[in-house]
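Structure, please.
(2 chains)
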Amino acid sequence: MNRREWEKQFKKRLSSLPKSERAKALEYYGEMYADRRDAGMTEEEILREFGDPADAAEKLAADLRADAGGTGEAAHGGREATAGDTAARVFVAVLLFIFVGIPLLGIVFCLAAAGAALFVSGFAFILAGFADFVYFIVQMCLLGVSGALVAHLGLGLGIAAAGFLLTPLFLYLTKVFFRLCGKVFTVTGRIVTGKKREAN
Amino acid sequence: MDIQLKKGLLDVCVLSVLRKEESYGYKIISDIAPYIEISESTLYPILKRLEATGAVTTHSREYNGRLRKYYAITEKGRQKIREFIEDIKEFEKIYQFILSGGEL
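As a prediction, this is how the structure comes out:
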């Protein structure tokens, strides 16, 4: 493992900390590294001294959390999970599913359905216009030309033209709706995990 | 050694090192290491805590073309050392009491 790999793994394990905290911790290790190099140590020796990046990050994050919470070791990782904890987690998960999951799936389904409907309706417009046009051409062939039939031809062409004009807008809206589906998931995920935007 | 006890001891060890003169991360570790086990990941939260409680102040200075963070003790930090010495005197009495098997 070289220095870059060490830092990469260290940073990854600190993902629970805000970005600014992570940057400070990396800066600290960077300075330590430089000072040890100045003291004549090799990269390998220094990284051996730093220890496993996952362990170092874990220890540092645990200490910082303990200090921030003022509750010491007991509140974080110092206690084994009990059966009661598991039951509580399952209960919260069920509650989340009922009051967040199901409405969320409903919203996503509606957005997707609206998107799909818009996608289809643009083309349906064009198709209906042409069908109308062709139908009255046939009618004219069978019954002879009349003012009413010509008016219907015009109507058919008008609908098809409106379809052509509306399709790009509908396609754009379809894209927006599908994007919104994804957004609903990411935003909810962020709310549920309580992660700050900064931490991403 | 008990984790909490070691934590408290390390805080004072770091402050003691700074009592002589201001210092930086690597030097603090080198100064303390012969007496008590300390690593980078242990020192970092200590320095942060001491800074947050006003026991030390920090400033960055250029060294060898890079910035190095220096830590200096404050009056509050010195007070903390004095309190610790008082505590140790108390401990000394308890230590003697335990050694003698509860007969003083």
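
Can you give me the domain assignment for chain A?
Following automatic domain parsing, chain A resolves into domains at A:3-75, A:83-199.

Give me the distance from the longest helix along chain B to the chain's centre.
In chain B, taking DSSP state H as the definition, the longest helix is helix B:75-99. Here the centre of mass of C-alpha atoms in helix B:75-99, compared against the chain's by Cα atoms, centre = their mean, to the nearest Å, lies 14 Å away.

on contacts alone, who are the packing partners of that helix?
helix B:3-20 (3 or more Cβ pairs under 8 Å, 6 or more residues apart in numbering or on different chains; DSSP states H and E). Quick note: C-beta positions are derived from backbone N, CA and C, even for glycine.

buried residues in the helix it packs on?
B:Lys7, B:Leu9, B:Leu10, B:Asp11, B:Val12, B:Cys13, B:Val14, B:Leu15, B:Ser16, B:Val17, B:Leu18 (16 or more other Cβ atoms under 10 Å in any protein chain shown).

related to what we said a few turns ago, by neighbour count, which bits of the longest helix of chain B are buried? Give me those.
Buried residues in helix B:75-99 (16+ other Cβ under 10 Å): B:Gly77, B:Lys80, B:Ile81, B:Phe84.

so which of those residues would you say is closest to A:Lys19?
Nearest to A:Lys19, judged by Cβ to Cβ, of the buried residues of helix B:75-99 is B:Gly77 at 29.6 Å.

measure that closest one to B:Lys20 for me?
With distances taken as Cβ to Cβ, to the nearest Å, B:Gly77 is found 13 Å from B:Lys20.

now A:Ala88
52 Å.

how deep is A:Thr174 tucked in, by neighbour count?
The burial count assigned to A:Thr174 is 20, neighbours taken as other Cβ atoms under 10 Å in any protein chain shown.

ok, now the one 10 residues further on?
Other residues near A:Val184 come to 15 when the count uses other Cβ under 10 Å.

now swap in A:Gln139 and tell me
Quick note: A:Gln139 (other Cβ under 10 Å) scores 16 neighbours.

which one is it nearest to, not counting chain neighbours?
A:Leu149 (5.6 Å; Cβ to Cβ, 6 or more residues apart in numbering or on different chains).

How about the secondary structure of the one you found?
Three-state call for A:Leu149 (DSSP: H, G, I helix; E, B strand; the rest coil): helix.

Equivalent analysis for the one 10 residues further on, please.
Under three-state DSSP, the three-state class of A:Ile159 is helix.

for chain A, which spans come out with low pLDDT?
The model of chain A has pLDDT under 70 over residues A:69-81, A:194-200.

ok, which residues in chain B are in contact with chain A?
Proximity of chain B to chain A, by Cβ under 8 Å from any Cβ of the partner chain, involves residues B:3-4, B:24-27, B:29, B:39-42, B:44-45, B:48-49, B:52, B:64, B:66-69.

and if we set it to 10 Å?
Applying Cβ under 10 Å from any Cβ of the partner chain, we find that chain B lies next to chain A at B:3-4, B:7, B:24-27, B:29-30, B:39-49, B:52-53, B:60, B:63-69.

Just the ones in helices from those, please.
Filtering the residues of chain B next to chain A for helices - DSSP H - leaves B:3-4, B:7, B:25-27, B:29-30, B:40-49, B:52.

which one among the buried residues of helix B:75-99 gets closest to chain A?
B:Lys80 (15.7 Å; Cβ to the nearest Cβ).

For the nearest residue to the closest one once chain neighbours are set aside, give me its contacts.
With sequence-adjacent residues excluded and distances taken as Cβ to Cβ, 6+ apart, B:Lys80 is closest to B:Ala55, at 5.5 Å. Shown in contact with B:Ala55 (Cβ atoms under 10 Å, 6 or more residues apart in numbering or on different chains): B:11-12, B:14-15, B:18, B:47, B:49, B:71, B:73-81.

Can I get stretch B:80-87 as PDB, trimmed to CA atoms?
What follows is stretch B:80-87 as a C-alpha-only set of coordinates in PDB (Å, rounded to 0.1, in the frame of the first residue of the first chain):
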ATOM      1  CA  LYS B  80      -5.600  22.200  34.100                       C
ATOM      2  CA  ILE B  81      -2.100  20.900  34.800                       C
ATOM      3  CA  ARG B  82      -2.200  22.400  38.300                       C
ATOM      4  CA  GLU B  83      -5.600  20.800  38.900                       C
ATOM      5  CA  PHE B  84      -4.300  17.500  37.700                       C
ATOM      6  CA  ILE B  85      -1.300  17.700  40.200                       C
ATOM      7  CA  GLU B  86      -3.800  18.300  43.000                       C
ATOM      8  CA  ASP B  87      -5.800  15.300  41.900                       C
END
